[in-house]
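[1] A structural model of the following input is requested.
(chains A and B)
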Amino acid sequence: AQKITQTQPGMFVQEKEAVTLDCTYDTSDPSYGLFWYKQPSSGEMIFLIYQGSYDQQNATEGRYSLNFQKARKSANLVISASQLGDSAMYFCAMREGNQAGTALIFGKGTTLSVSS
Amino acid sequence: NAGVTQTPKFQVLKTGQSMTLQCAQDMNHEYMSWYRQDPGMGLRLIHYSVGAGITDQGEVPNGYNVSRSTTEDFPLRLLSAAPSQTSVYFCASSYSRTYSNQPQHFGDGTRLSIL
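    Alright, predicted model coming up:
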């Protein structure tokens, strides 16, 4: 069974609109971390936002926020006021356990296209 | 501010050839890892290391070898290249035992084609 599931292969949004990228996860470890990375067409992996399993509040970083629903095991990325530069592949990833030096398990990614 | 540096950025090999992908980081990170990215598959872990002298296998280790003689360097060796190893390879690093909210930092990737 997949540990990280991203069900949207592609998403399309217009500039200035908000968009939600879905991510569900599966783990029996009570301690885990969830990450979102952005991969533009140039290929590098850019860290966007982190949510820990014990965090009481949803994480936010500028225009990025994470809609964390622990009981549903979902960690959706919300991008507010989309920009053309947001067009990229987005990956959800999970780290099981509470130590930073642990392997990330990635979803297959969602391609976001922002149009003017 | 180099971060994680991967060389080369591009490489074309013939089946059966061997080569080493280099990865170096200057952040004093204990944890380093190699992933491969294939279309529609996300990133999959090949090998990882939690410190100098310590390495272990990830999800897809066959055909690859690693060593970690220093904190800074974590090279990935392809022993006998096969077309199935055509992929984009990423090296990543992070602190190990502390700072659980710290992300892994990725290099820019090596695009490898095996003919």
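[2] Double-check B:Q25 against B:M32; I have them as touching.
    Yes. Applying Cβ atoms under 8 Å, one finds B:Q25 in contact with B:M32, separated by 6.7 Å. From N, CA and C alone the C-beta is placed, and that goes for glycine too.
[3] More neighbours: which of these two?
    Neighbours of B:Q25 and B:M32, each counted by other Cβ atoms under 10 Å in any protein chain shown, are more numerous for B:M32; the result is 30 against 23.
[4] beta partners of the closest residue to B:F90 other than its chain neighbours?
    Distances taken as Cβ to Cβ, 6 or more residues apart in numbering or on different chains put B:Y35 closest to B:F90, at 4.7 Å, once the chain neighbours are dropped. Beta bridges link B:Y35 to B:L45, B:F90 when assigned by DSSP bridges.
[5] Could you list which residues are in contact with B:Y35?
    A:106, B:43-46, B:58, B:89-92 (Cβ atoms under 8 Å, 6 or more residues apart in numbering or on different chains).
[6] now, which of the residues you listed sits nearest A:L77?
    Nearest to A:L77 among the contacts of B:Y35 is A:F106, at 13.8 Å by Cβ to Cβ.
[7] The closest residue in space to the closest one that isn't next to it in sequence: neighbouring residues, count only.
    Distances taken as Cβ to Cβ, 6+ apart put B:G42 closest to A:F106, at 3.9 Å, once the chain neighbours are dropped. The tally of other residues near B:G42 (other Cβ under 10 Å) stands at 21.
[8] Quick check: B:G42 vs A:N98, distance?
    Distance from B:G42 to A:N98, counting by Cβ to Cβ, to the nearest Å: 23 Å.
[9] just B:P83 next, same as before
    Relative to A:N98, and taking Cβ to Cβ, B:P83 is found at 40 Å.
[10] Kindly report the same for A:K70.
    Relative to A:N98, and taking Cβ to Cβ, A:K70 is found at 15 Å.
[11] who's more crowded, these two?
    Counted by other Cβ under 10 Å, A:K70 and A:N98 do not tie: A:N98 has more neighbours, with 18 against 11.
[12] Residue in chain A with the shortest distance to chain B?
    Residue of chain A nearest chain B, by Cβ to the nearest Cβ: A:G101 (3.1 Å).
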